[in-house]
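[1] Kindly return the folded structure for what I paste below:
(one chain, ligands or ions: 1)
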Amino acid sequence: MRTLYHYWLCPFSRKVRLILAEKKLDFELEAERTWERRPEFMDLNPAGKVPVLVDLNGTAVVDSMAIAEYLEEAYPEHLLIGTGLAHRAEVRRLAAWFDDKFAQEVSVSLVLEKILKRNLYKDHSGPNSAVLRLIKTYIHEHLTYISWLVDRRKWLAGDEFSLADVTAAAHLSVVDYLGDVPWDKHELAKDWYARIKSRPTFRALLSDRLPGIAPSSHYGDLDF
Ligand SMILES: N[C@@H](CCC(=O)N[C@@H](CS)C(=O)NCC(=O)O)C(=O)O
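    Residues are numbered from 1 along each chain as shown. Purely as a prediction, here's the structure:
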């Protein structure tokens, strides 16, 4: 069976889960405790990071964008990278926006402050309030940008659903799990996310439950 090594609140892992679902490819999930540096996992990825995909033929692919590109080439039936040069460039620009900028300013920083610090690194000092304040400011800027985009286009990168939407939604789903998306102030972004949430491919993410960490009350609701 195709296997995806992942971590529940890792946005990059979630991105790959969504791509596999959009492409209707079966896979099993293997939750990896990266901080344990398991030798068998380090053999797959010496960087010690998830996601790692091991395909049916045994090929191990590392890094969510490398996995996305690999899956596009290996399984071109449901293309997500866009059609035409300009559209593909725009899809890649926006995927990078969320994987780099949004991750750094919001999703990965938030998971680090709220979950990883305490649970994994045994740092019980609590989230740094200055960092949380910054994250709060940044997320408004990102939601404003999403609203601006979907006011002009059907989906983030154009008229077709693409890897840009998948990547943005994967990152936002992590923040939404923790209840930190101010949807009430960003109607257009909320409408766009509601459209993605109602896709059958998103269902598995909505039923994720982390041991000991309950999701926000509206996390699984299609009508939120
Ligand atoms: N650029 C990588 C980032 C992957 C990444 O940062 N994964 C995090 C979890 S979200 C991780 O495994 N961190 C463990 C570590 O750094 O030791 C990708 O797109 O896959």
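[2] most centrally placed residue in the protein?
    Per Cα atoms, centre = their mean, the C-alpha nearest to the average position across the chain is that of residue 170, at 2.5 Å.
[3] tell me which parts of the chain are close to the ligand?
    Those residues of the chain that sit near the ligand, judged by Cβ under 6 Å from any ligand atom, are 7, 10, 12, 34, 48, 49, 50, 51, 63, 64, 65, 99. For glycine as for every other residue, the C-beta is placed from the backbone atoms N, C-alpha and C.
[4] Spit out the contact partners of the fourth one.
    This points to residue 34. Contacts here follow Cβ atoms under 8 Å, 6 or more residues apart in numbering; on that basis residue 34 touches 7, 41, 48, 49, 50.
[5] Try it again at 10 Å.
    Applying Cβ atoms under 10 Å, 6 or more residues apart in numbering, one finds that residue 34 lies in contact with 5, 6, 7, 10, 41, 42, 45, 47, 48, 49, 50, 120.
[6] Over to the fifth one?
    With Cβ under 10 Å, 6+ apart as the criterion, the residues that contact residue 48 are 32, 34, 35, 36, 37, 38, 41, 42.
[7] Check what pLDDT residue 125 gets.
    Note on residue 125: pLDDT of 84.
[8] ok, the nearest residue to it once chain neighbours are set aside - contacts?
    Nearest residue to residue 125 in three dimensions, chain neighbours excluded: residue 117, at 7.5 Å (Cβ to Cβ, 6 or more residues apart in numbering). Going by Cβ under 10 Å, 6+ apart, residue 117 touches 111, 123, 124, 125, 126, 127, 128.
[9] Mind giving me the PyMOL select for the residues you listed, buried ones only?
    Typed into PyMOL, the next command selects the buried ones out of the contacts of residue 117 (criterion: 16 or more other Cβ atoms under 10 Å):
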select buried, resi 111+127
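[10] Among the contacts of residue 117, which one lies nearest to the ligand?
    In terms of Cβ to the nearest ligand atom, no member of these lies closer to the ligand than residue 111, at 7.2 Å.
[11] Surely the closest one is in a strand?
    No. Residue 111 is assigned helix when assessed by DSSP: H, G, I helix; E, B strand; the rest coil, not a strand.
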